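**Student:** need coordinates for the following:
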Amino acid sequence: MLLFLILVTIVCSCAPKQKVYYFDCNKQDPEVIYNFFGQAINMQDYYVTKFSKKDSIIFVATRQLIQTNKIKGIEKESIELHFYFVFNNDKKKSEIKLYYIVEMNGKRKIKKLTNDQLEKYEKDVNILQEKLLFYCNPDFKGR
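**Tutor:** Next comes the predicted model:
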């Protein structure tokens, strides 16, 4: 039993960790982000799906990479960016998470990004983080 626990601990500590990118949007009005930030994501060639919750806003942005016909069905590969906005909480920051998704016949699997993919798509995250400096500025109230 002890050997099993040690083995599980080693495997879990070696498992790939999700990279998280942080930004500060605490002082912005959530309606401004909800109404305007989707346009910035669309300019990066991502398709936006919005989910709004009571105290936060979540954007899921997807960029389809490849769609191939296989014997088992259609396989789709895409990159997803998840934006978790936190407002009115000075202790917690908003965050972005980057995912590589493989979908086969409607079943989605999240995979670890290769170093080449991370290098390529991390640039999108960095560009959107810069745009968030503009959109999350409390002086920005829309156009």
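
**Student:** which residues touch Tyr99?
**Tutor:** Tyr99 makes contact with 79-82, 110, 113 under the criterion CB atoms under 8 Å, 6 or more residues apart in numbering. Where C-beta positions appear, they are placed from N, C-alpha and C, glycine not excepted.

**Student:** the same query, at a cut-off of 7 Å, please.
**Tutor:** Under the criterion of CB atoms under 7 Å, 6 or more residues apart in numbering, the contact partners of Tyr99 comprise 80, 82, 110.

**Student:** mind listing the residues bridging to Val20?
**Tutor:** Beta-bridge partners recorded for Val20 (DSSP bridges): Lys97.

**Student:** how about low-confidence regions in this structure?
**Tutor:** Scanning the chain for pLDDT under 70 picks out the ranges 1-17, 54-55.

**Student:** cutoff 50 now
**Tutor:** By pLDDT under 50, the weakly predicted segments of the chain are 2-15.

**Student:** which helix is the longest one in the protein?
**Tutor:** Of all the elements of type helix in the chain, the one with the most residues (DSSP state H) is helix 115-135.

**Student:** next, the buried residues of it.
**Tutor:** Of the residues in helix 115-135, 117, 121, 124-125, 128, 131-132, 135 count as buried by neighbour count, 16 or more other CB atoms under 10 Å.

**Student:** touching it from outside, list them.
**Tutor:** When contacts are taken as CB under 7 Å, 6+ apart, the neighbours of helix 115-135 outside the stretch itself are 21, 23, 25, 33, 36-37, 40-41, 44, 79, 81, 96, 98, 100, 140.
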